[in-house]
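>>> only geometry, no sequence info:
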């Protein structure tokens, strides 16, 4: 049940996130023909059994990577200093400590300035978790929780400037646009909406000529 594939910042490796077997598997990438090869012996990172790894991102510095786990509702933080090998340095929940509802975490992104990490939570939460990133260790500190003002936030993304965050609420058929405070990472509803049937992914096309 592969849910995500991500190239390393240097494009030498491909990280394959498999939700069904709770692993992130790493392949080398042949630059000439694009063929993938398993690093001998086959190299993979195990999450906790039943965690459900879903999406994976690298910090802009390339020093750290972050894995959102759908079924545990948590983020695993890895040091990528010994690329392609990953070392777990933190495991942190994307829900408040007193949360008792259903868990179904979905997406994960880092702000363009590399200072904050955001995750979306579906289930009964319908929220975004906001974390500050320690620039030295890569570890996360929870700074806020914000409702997505819709149902089932499967995906979200920043606009190219990083000033706005757009959330695709799949089951309420709209994209909600938030203003982002660049200093605190916190969000404010702009009141702006984009009506679209069951949005599941937002991508930006830039440098169009």
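Perfect, thanks for sending it. The model shown is predicted, which means the values in this text are computed figures rather than measured ones.

>>> CA only for contacts and neighbour counts going forward, please
OK.

>>> on contacts alone, who are the packing partners of the helix or strand bottoming out on mean pLDDT in the chain?
Within the chain, no helix or strand scores below strand 36-38, which has a mean of 89 by mean pLDDT, DSSP states H and E. Secondary-structure packing of strand 36-38 (3 or more C-alpha pairs under 8 Å, 6 or more residues apart in numbering; DSSP states H and E): strand 23-29.

>>> Starting from the least confident helix or strand of the chain, tell me which strands it pairs with and how they run.
The sheet places strand 36-38 alongside strand 23-29 (antiparallel), with pairing taken from DSSP bridges.

>>> Find out how far the least confident helix or strand of the chain is from the centre of the chain, if you would.
Per C-alpha atoms, centre = their mean, to the nearest Å, the displacement of strand 36-38 from the mean C-alpha position of its chain is 24 Å.

>>> And for stretch 11-19?
On C-alpha atoms, centre = their mean, the centre of stretch 11-19 falls 14 Å from the chain's centre.

>>> residues in contact with that stretch?
With C-alpha atoms under 8 Å, 6 or more residues apart in numbering as the test, stretch 11-19 has contacts from 1-8, 23-31, 36, 52-56, 84.

>>> now with 10 Å?
Stretch 11-19 has contacts (C-alpha atoms under 10 Å, 6 or more residues apart in numbering) with 1-8, 23-31, 36-39, 44-45, 47, 50-57, 67, 69-71, 83-84.

>>> Quick check: residue 61 touching residue 135?
Yes: applying C-alpha atoms under 10 Å as the test, residue 61 and residue 135 come out as touching, 9.1 Å apart.

>>> who's more crowded, the two?
Neighbours around residue 61 and residue 135, counted as other C-alpha atoms under 10 Å, are more numerous at residue 135. The numbers are 14 against 10.
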